[in-house]
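# no sequence for this one, just the structure:
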């Protein structure tokens with residue numbers, strides 16, 4: 001009887017270790033970031049000038065000069081985007097990526113760049129480089145716990161300074177840096193004007209006067225936001241796996257549907273858990289969704305700036321990182337609904 005009890009206890013612990021990583025991160029900002037771990041491909045070729053700046057004609061263009069660039073300059077440099085879709089923040093996303101070595105996502109408002117998220121081994125972020133050590137980047141920019149601009153002030157925690165410091169590049173322009181705390185290297189950057197930074201509100205914010213207003217999205221716009229963010233999460237996940245020499249994942253429609261329904265359920269019923277309110281867990285949801293698998297895992301997140309920030313958050317959590325970089329997974333489904341994000345990783349080795 002004792003042996004049977006010990007075996008049962010071990011199986012329960014094993015299940016919890018793989019499916020229930022109850023990491024709950026609540027920084028000091030007004031919304032909090034939450035994530036928990038339980039884990040479209042386009043064949044279109046894209047010719048792109050990997051350097052957005054023309055190195056043949058200038059040697060002193062820097063990151064801050066991205067802001068205000070006209071959309072026509074992007075299209076001339078990169079060609080047609082892989083996708084263009086509304087964002088949550090009153091600008092239109094234009095994504096340029098080869099899904100392996102570079103990822104440029106520009107936010108356009110009034111035909112000008114107001115923000116950009118950039119990553120990839122071949123991405124140009126002069127004078128920085130993706131993969132640069134924390135200390136090297138800090139040599140370019142001094143990181144501070146309080147960043148003041150106009151009527152606003154961001155207050156960063158020690159964790160913020162370690163993972164996502166933000167600095168003022170120039171008047172009205174801010175640069176947010178995402179670091180992989182496990183390697184101490186620069187993972188990606190986000191550059192933005194002041195209005196976008198305040199709307200994103202990635203840190204605790206103090207201010208005087210009114211906040212800039214965000215437009216309400218229509219149902220059709222939300223649907224496009226959902227689809228574009230799911231695709232961006234998928235691509236970024238595979239780029240991170242390539243960074244660590246792990247096999248790429250294939251997109252899985254059925255797993256994505258299951259993930260989407262779970263994100264929607266968490267939003268509508270106002271909870272945050274791998275276990276649905278009706279008691280179903282990941283295995284139940286995948287089975288009901290007729291998803292074939294021999295192994296499965298799940299990442300969930302909520303209240304991030306967007307899906308890209310959620311992926312960077314997962315990367316810095318040991319449990320979630322294991323799912324992102326697990327070599328045994330073969331497919332990925334992604335579901336986004338409002339501010340909830342779900343990744344369903346599966347292993348399906350059927351021919």
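Everything's here; your move. Predicted model only: the values in this text are computed from it and were never measured. Residues are numbered from 1 along each chain as shown.

# C-alpha from now on. contacts and neighbour counts both.
OK.

# Count residues in the vicinity of residue 271, would you?
13 (other CA atoms under 10 Å).

# likewise the one 4 residues further on?
Number of residues near residue 275 (other CA under 10 Å) recorded here: 18.

# Kindly report the same for the one 3 residues further on.
Residue 278 sits with 6 neighbouring residues when counted by other CA under 10 Å.

# Relative to residue 300, how far out is it?
18 Å (CA to CA, to the nearest Å).

# In this structure, what helix or strand scores lowest on average pLDDT?
The weakest-scoring helix or strand in the chain, judged by mean pLDDT, DSSP states H and E, is strand 34-37 (a mean of 40).

# after that strand, next one along is what?
Of the helices and strands lying after strand 34-37 in sequence (DSSP states H and E), the nearest is helix 71-78.

# buried set for the next helix or strand after that next one?
Of the helices and strands lying after helix 71-78 in sequence (DSSP H and E), the nearest is strand 83-86. Buried positions in strand 83-86, judged by neighbour count with 16 or more other CA atoms under 10 Å: 84-86.

# and if you look at stretch 71-87?
71, 74, 77-78, 80-82, 84-87.

# Can you give the distance from that stretch to the centre of its chain?
20 Å (CA atoms, centre = their mean, to the nearest Å).

# Please enumerate the helices of the stretch 251-351 of the chain.
253-269, 282-288, 307-315, 318-324 (DSSP state H, counting those that start in this stretch).

# so of the ones you listed, which one's packed in deepest?
For the helices of the stretch 251-351 of the chain, the largest average neighbour count (mean count of other CA atoms under 10 Å) is found in helix 307-315, namely a mean of 23.

# by contact count, what packs against it?
strand 34-37, strand 173-180, helix 219-243, strand 295-302, helix 318-324 (3 or more CA pairs under 8 Å, 6 or more residues apart in numbering; DSSP states H and E).

# Using TSV, please lay out those together with distance to residue 125.
Output for the helices and strands packed on helix 307-315, formatted as TSV (distance: least, CA to CA, whole Å):
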stretch	distance to residue 125
strand 34-37	29
strand 173-180	11
helix 219-243	17
strand 295-302	28
helix 318-324	25
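
# Give me the distance between residue 187 and residue 102.
Applying CA to CA, one obtains 12 Å for the distance of residue 187 from residue 102.

# Looking at those two, which one has more neighbours?
Neighbour count, other CA under 10 Å: between residue 187 and residue 102, residue 187 has more, with 25 against 20.

# So that one is in contact with residue 130, correct?
Yes - Residue 187 lies in contact with residue 130 (CA atoms under 8 Å); the separation is 5.9 Å.

# tell me, what's touching these two both at once?
Common contact partners of residue 187 and residue 130 (CA atoms under 8 Å, 6 or more residues apart in numbering): residue 119.

# follow-up on the earlier one: which neighbours do residue 187 and residue 102 have in common?
In contact with both residue 187 and residue 102: residue 119, using CA under 8 Å, 6+ apart.

# State the pLDDT value of residue 71.
Per-residue pLDDT puts residue 71 at 97.

# how many other residues sit next to residue 118?
21.

# did I read that right, it in a strand?
Yes - counting by DSSP: H, G, I helix; E, B strand; the rest coil, residue 118 is found in a strand.
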